[in-house]
Structure formats: structure tokens, C-alpha cells
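Chemist: Using only what follows, build the 3D model:
(chains A and B)
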Number of protein chains: 2
Amino acid sequence: MSNYTFSNGIAPMTGSATRNIFSLLTRPEIISFAGGNPARDCLPTKEIGECTAEVFADDATAKRCLQYGATEGIPELREEIIRLAKDTGIVANGDGSPIAHNNVQILSGGSQGLDLLLKAFCNPGDVVLVEDPTFLGFLATVQSYAAKAIGVKMEDDGFDLADLEDKIKKHQPKLLYVISAFSNPTGKTHSAAKRKAAAELAGRYGVVVAEDDPYGKLRYSGTAVPAMKSFDTADCVVYLSSFSKTISPGMRCGFAIGQADIIRKMAIGKQGTDLHTSNLSMMAIAKYLQKGYFYPNIEKSIPIYRQRKDAMVAALQKYMPEEFQFNNPEGGLFIWGEFIGKGSKINTAEVFPKAIERNVAYIQGSVFYADGSGPNTLRLNFSNESPERIDQGIKALGELFKEEL
Amino acid sequence: MSNYTFSNGIAPMTGSATRNIFSLLTRPEIISFAGGNPARDCLPTKEIGECTAEVFADDATAKRCLQYGATEGIPELREEIIRLAKDTGIVANGDGSPIAHNNVQILSGGSQGLDLLLKAFCNPGDVVLVEDPTFLGFLATVQSYAAKAIGVKMEDDGFDLADLEDKIKKHQPKLLYVISAFSNPTGKTHSAAKRKAAAELAGRYGVVVAEDDPYGKLRYSGTAVPAMKSFDTADCVVYLSSFSKTISPGMRCGFAIGQADIIRKMAIGKQGTDLHTSNLSMMAIAKYLQKGYFYPNIEKSIPIYRQRKDAMVAALQKYMPEEFQFNNPEGGLFIWGEFIGKGSKINTAEVFPKAIERNVAYIQGSVFYADGSGPNTLRLNFSNESPERIDQGIKALGELFKEEL
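Modeler: Next up, the predicted model:
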């Protein structure tokens, strides 16, 4: 075998905690609260099948689908995305000009936008600021660029703004990463006031913000909040979203909306990896949006998700020890929990193998912290199991954690 | 606007030469020898339409398609790829064990494999060795990692092995990049003897080889050569290929075959960008291979490509000045040309706008050199125009270059 050496970024990496237990999760007896999959019942197979068939119904369209396309993505999908973004308050650039095609980059899933922003802005050793805790996939991608993620203190309605400003001054970060609604892993949402304040702070200090919003449309109570990007008068926020939670993750399609020079550098980065997103995914999703299937399918999905979330909240109240503190999010896919008091000695990573023995999976919370802290925390996904299995799985977890106290 | 700073890798990049003239090429009056598109007539729209319809014919399959998948790719496609690789002589790892699923990573196009190998191995400042000239997309991706590409001297049948060994010793490169058959841009092919020798050299010095083979199946004369990977007893060669030239580039699907630890690190890199390749692309292509459509479609395509290549060779002989030297490749999509003698003062980049005025596009050769040399060279693609338009376009180019002498 060759005596090759991996790069400084990749060498220490062993793969995503969620991805590594993926094979476990295919065993049907496992009740999984570990992933972030949309509910199987919410996947619009009939509608996407219809849209896909239309691509091949006409030979000129089919030829266009199978040939190379532009890196930026097909125009009809960018058009639909501009329309969709208005519903989240994103209508104009900082100079007041309307969001146009050159502000939109189609991505092969929203995560690709994080990779492209890191590639565009980060040299090895650079700092990016993140919510603490945050999406573990982003922390991994930061590591692959040999950059450094530093956590900002969080309150229930968004950043601790004093800590954010202190850390911007101290670390001169290249990026600030924010999941503005129903965060993965915490389920928390930044308030409009905090979004506006954070956008202003970032603009003042010249920090580019990656506003990641894959979950915002999945709201089960309360009222929608405009995107942080809608408050962005300095053109420093790049809004990222995805159709993974609202249409299909398997199609790998998302998008970025931002200042045209930044979008251009993201396109240059994309030229060097997958060149463009699958035309078939883009064309099927564009047709799906054009036909008006988007919001009705979300409206059909929301009662299913709300019921599962409520089932998990009820089961947690019923079965978990009183030392377990958890939230009841207004949307998204995740509930975040923490063991307090005499439970704070519980290490959820160490307990995990015992949970698997009892056929239940969750994700240890420490993987979501920039510094690997939070040993007594965990993330629970409620979207991918029936209310009955949620009850059964949380009951098993409750018994296990009571034994661990 | 924010005072952000792009990364050292991305800051100087302005986008691929071919991608930047993409918008020009959509004007129907332009005869384009610039791209690398497969012929429109060779795109199997009917067969891919059929395979796609089958995915949605069964709801369980459709659900699997729309849900998240494994980063490595769907097993049935990896199975087909293992079978396909045998036809190129790739049957075993260095220790003699047969190529297995953990040796195969599905990619969103072959180019993604280059990105993932650079991410896996290169720190800023590291050297990678390339053929001179080579694929400009690779040179751009190297730059995006702030790594440095150094060209190796080439002979008609592959590397100048003395120069290769000298440069390995001198630069201790992390990667050696090779397009083993019908190179982009030169159309040249490495002989079996040179492939074996290069694989042995790389193995001896612990250099990982990226063997890129998107064009190998498009052979119009001569006999097939086993992959460099087939001579790789040191497990240092990663074989990359793509379905872009043999099925469809718009589906964005390719693959890597290599030593399991390297494939694992590529998968970790992929987790941080697009997570997995579009399930719909993978499932449609797996069905296409299972149904035996692959080789018959290539056999139907080859006469079309051969005719176009022959038309271009004939037109170049007829119309170009005698100071223009060019090759007649045995396969692939490209003819490489060089102005010699009193033609050597011709700068193909400077002439390009005049060619566009005459409605003909080519790619200046200098973009394919690691050091930007070769001002008097150019690349001509013959796959995407009819023999009549090839004659007409080369006639216009011949007239133009004769005026420039």
C-alpha cells in the first residue's frame, strides 16, 4: 500500500455521526430518532413522477435534460425560486434592486452551499462563528477546510448579541453560520428583532452570513418570521435553502440567494466539483413548483409532523426522568434535550450502545458543539416514526436513562 | 456592500474558459468547436425516459428514490460499475482481493472525484503533477485549493518517464493527474507500457494517481488499452470515470474505484458537499446498465463521432495553413493543434474574438497548460456539430488564420 498522507483537513475526519449509524438505521426493528429524514408518507412520489414523465414526453426537453447545462442552474427553476423567496421576505438586494437571476445559484442540496461558501471565503486557520450547538455537517465541512469553528452563546430567541459582537471583534471571522428557523439540533428560532440586529452587526463588521433555512416552511404553531436576508441592507447575507425537507432529499436540490459577486464565486467553486446540479432534478422540481404542488404538499405534511412532534413531547413528559429538560419547538424536525441536576453526569455518547441494544437510536448532543462539549445533551428527531413507535421508543429511552441516573 | 475577502484559492479565479463562453455558444449561428458536449443525436432520451418511468412505476421504489440515500451511492449501481470496470481490466486490488463495494464511490460527475481527491490529499502549497497540457477544469480546481500544478513533459504514448521521476523526486507531489485515453485537450492515449511504468513509479514513491477516463469507451480505431489502475499493485491509483460522454452529462453521474481507505475519505468529503448523488440519476442509470443499453448506445454513437472526426481532419487538411500541425486521434472528442514555423507567432487567444465575428468558436490552448504557456495552440471539439457545419467552420477558421500569418 502507498505511503500517502491525507490533507490536514481530511486526515482527522472519520465521517458524520448520523451517516455512520445509517447502516444501523436500516434495521426495521430500530426505532430511529437519529436522522433528519422527512416522513416517508410526505414524499410526493406521484407528483414528482408526473413532472419527470413530462420531461421525457417531449424529445427537445428530454435532450436538454440529458445534455450539459449551465452551472448557475436552469432559468425556469431560478425564476420559481425568486418567486418563492418573496414569501420569506426576500425581495431586494441591499441597493434596492430586485432579486434577479444573477443572485440565485442552484445547489445540489443546501449543504453544498455551505461547502461553496467555505471554499469561497476560508483559508486554513480562518475562523467561522457558529451557533452553539449547530448543524454537525457544517462543523465537519469547516474541519475539511482546516478552518476553525467557534461557538457563540445562544438565547432562546437567537444570538447573545453582546457575545456575537465580542467574538466578531476578537476573531475577525470569515463567516457567521446561522440556522434561522427551527435549528438543527435545537429546534429554536431567531426572532425578527434578533435577525435584524445580527444582520446589522455582520454588515457593520463585514462578516458574510450563511443563513441556512431548510426547515422554515415546516411550522406547526406560531407565526412566520421574515428571513435574516430580508433585513440585509449590507448585502452580506447569503440565504441558503433546500427542497430536501419540503419535496425530496433524494433529488439533491437546493439554492443560494445572495449578492451577485458572491454568487459568482460560488458558481466558480461549483464548476470545480459537480459542474451543475442534475438537470432532471432541476427540471422536475421546476415543474412541481410551476404546477403549484409545493404549498399544498407542505400543508398536507404539517398535520403529520405536528402529530409526531406532539406524540414525542407527550411521551417525553410521561417517560423521561424529571432531570431531562427539553423544548417544544414551533416547527422543524428536532427536539433538543439536556440532563440537568443529578442527571448532568449522564454521558449520552456512552449510553448510546445501550439504547441500540433496546432498539432505539438518537444522536448524542456533543457532536453539535464546536468544542465537542455538551456530553449530557441529545437530539431527537420526530419526523420519521409513527406516533405509536415514538411512544414505544421514548418509553424505552426513559427506562434506560432512569437506570443511568 | 460588505468588505469581505475571498479565500486565497478562489479570489483570483474568474471561471472556466469553456463555461464563460457558454452563453455565446447558445447562439445558433455560432459553429462551436469549443465545448466537449456529446452529440445531441447520441443522447438516449427514449431509454432514460423508460428507466426513469420504471422508478416511479412502483411506489416503494419511488419512495426510496425521493428519500435520503447513502453517501457511497446505491448498491445496484455500484454492482454494475464493478462489472463495467472489468472490461477495462480493473478486477482486483493490489492484494489480489476482488474490487468490492467499498472500493467504489458514486460521484456527481467524474469531475467531483477530482475535487474530492484534492480535498483528501492537498494542503495549500502542495504540488500536484499533471500532463502538460491537461484538462483545464482540473487546473482550476487545483487553484481553488491554493495548491500548485506542475506539468510533466509528454510524449505521443504517455509521460516522459525520466521527467516524471525527476519531478516526483523534486516536488514530492501529493497527486499525479492522468487522462489515460484520448486526453482532453490533446486526444492522445497512454500506451500500456507507459501506463504500467507510471503506475510502478507512483507506487514506488507513494504518489496517489488520479486516473481520469471519461473518454476511453469512445474509440474509433485501434485497440483498447487496459486502465492504468489494472497495473496498480501498490493500490495508489484511483480510477475515475463518468457516464457524461457515454450516457448523459445532464444526469451528473460518475464513479471512483480505488483503495478502500481512500474511497472512505472521498465519501467523507462528499458528505460535506452534496451528501450523495441524486438518487433519480443513480437509479435511472443503474436500470439503463442492467437492461444492457450501455454498449449498444455507444456502438450507435461511434460511427457518428468517427464521421465528424474524419470530417474535421479532412477540413483541417483542406483549409488550414500548412503551418498548422494537428493530430488524428483514435477516439475521444478533441483534436489538438499547434501553429509552427512562421505560424508560431499566432496567439490563439488574441484571434478568438475575430473567430467569433465569423461565427466560429474554439478554445485557446494556453488555458490547458499548468503555466499558461502554449499561446500558439488550440483545442477543437468535433462531437457537437454536423460534418457540413464542421467543414464550414474550419473553412472560416482556415481563412482567418491565413490572414493572421
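Chemist: all contacts plus neighbour counts: C-alpha atoms, from now on.
Modeler: Will do.
Chemist: Next, count neighbours for the nearest residue to A:G254 once chain neighbours are set aside.
Modeler: Closest residue to A:G254 apart from its sequence neighbours, by C-alpha to C-alpha, 6 or more residues apart in numbering or on different chains: A:S242 at 3.7 Å. By other C-alpha atoms under 10 Å in any protein chain shown, 26 other residues sit near A:S242.
Chemist: do A:K170 as well
Modeler: Neighbours of A:K170 (other C-alpha under 10 Å): 9.
Chemist: Which of the helices or strands spans it?
Modeler: Per DSSP states H and E: A:K170 is located in helix A:161-171.
Chemist: which element follows that helix toward the C-terminus?
Modeler: By DSSP H and E, the next helix or strand past helix A:161-171 is strand A:175-179.
Chemist: in its sheet, what does that following strand sit against?
Modeler: Strand pairing for strand A:175-179, using DSSP bridges, gives strand A:127-131 (parallel), strand A:208-212 (parallel).
Chemist: average pLDDT across the last one?
Modeler: What it means is strand A:208-212. The average pLDDT within strand A:208-212 is 98.
Chemist: And that strand, how far out from the chain middle?
Modeler: 12 Å (C-alpha atoms, centre = their mean, to the nearest Å).
Chemist: Next SSE downstream of that strand?
Modeler: The element immediately downstream of strand A:208-212 (helix or strand, assigned by DSSP H and E) is strand A:237-242.
Chemist: Show me what the mean pLDDT comes to for the next helix-or-strand element following that following strand.
Modeler: Next helix or strand after strand A:237-242 toward the C-terminus (DSSP H and E): strand A:254-257. In this model, strand A:254-257 has a mean pLDDT of 98.
Chemist: Then stretch A:393-405?
Modeler: 97.
Chemist: can you pull the buried residues of that stretch?
Modeler: A:393-398, A:400-401 (16 or more other C-alpha atoms under 10 Å in any protein chain shown).
Chemist: And these, which is closest to A:A192?
Modeler: A:I394 (33.6 Å; C-alpha to C-alpha).
Chemist: on that earlier part again, which one of the strands paired with strand A:175-179 is the most hemmed in?
Modeler: Ranked by mean neighbour count, those are led by strand A:208-212 with a mean of 26 (mean count of other C-alpha atoms under 10 Å in any protein chain shown).
Chemist: The residue nearest to A:G254 and A:C253 touch, don't they?
Modeler: Yes. In this structure, A:S242 is within contact of A:C253 by C-alpha atoms under 8 Å, at 6.1 Å.
Chemist: For the closest residue to chain B within the stretch 301-405 of chain A, grab phi and psi.
Modeler: Relative to chain B, the nearest point of the stretch 301-405 of chain A is A:N384 (11.0 Å; C-alpha to the nearest C-alpha). Per-residue torsions, A:N384: phi -110, psi 10 (degrees, to the nearest 10).
Chemist: Find the nearest non-adjacent residue to it, please.
Modeler: A:A39 (4.8 Å).
Chemist: ok, that neighbour - contacts?
Modeler: Residues in contact with A:A39 (C-alpha atoms under 8 Å, 6 or more residues apart in numbering or on different chains) are A:305, A:383-385.
Chemist: Can I get the buried residues of stretch A:393-405 in TSV including secondary structure and distance to chain B?
Modeler: Converted to TSV, the buried residues of stretch A:393-405 look like this (DSSP: H, G, I helix; E, B strand; the rest coil; distance: C-alpha to the nearest C-alpha, whole Å):
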residue	secondary structure	distance to chain B
A:G393	helix	22
A:I394	helix	24
A:K395	helix	27
A:A396	helix	26
A:L397	helix	26
A:G398	helix	29
A:L400	helix	30
A:F401	helix	30
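Chemist: Just flag the most distant two among those.
Modeler: Across those (C-alpha to C-alpha), the longest gap, 12.3 Å, separates A:G393 and A:F401.
Chemist: show me the contacts for the residue lying closest to A:E404 once chain neighbours are set aside.
Modeler: Computed as C-alpha to C-alpha, 6+ apart, the closest residue to A:E404 that is not its neighbour in sequence is A:I346, at 7.0 Å. When contacts are counted by C-alpha under 8 Å, 6+ apart, A:I346 touches A:339, A:375-376, A:404-405.
Chemist: Nice, that's everything, thank you.
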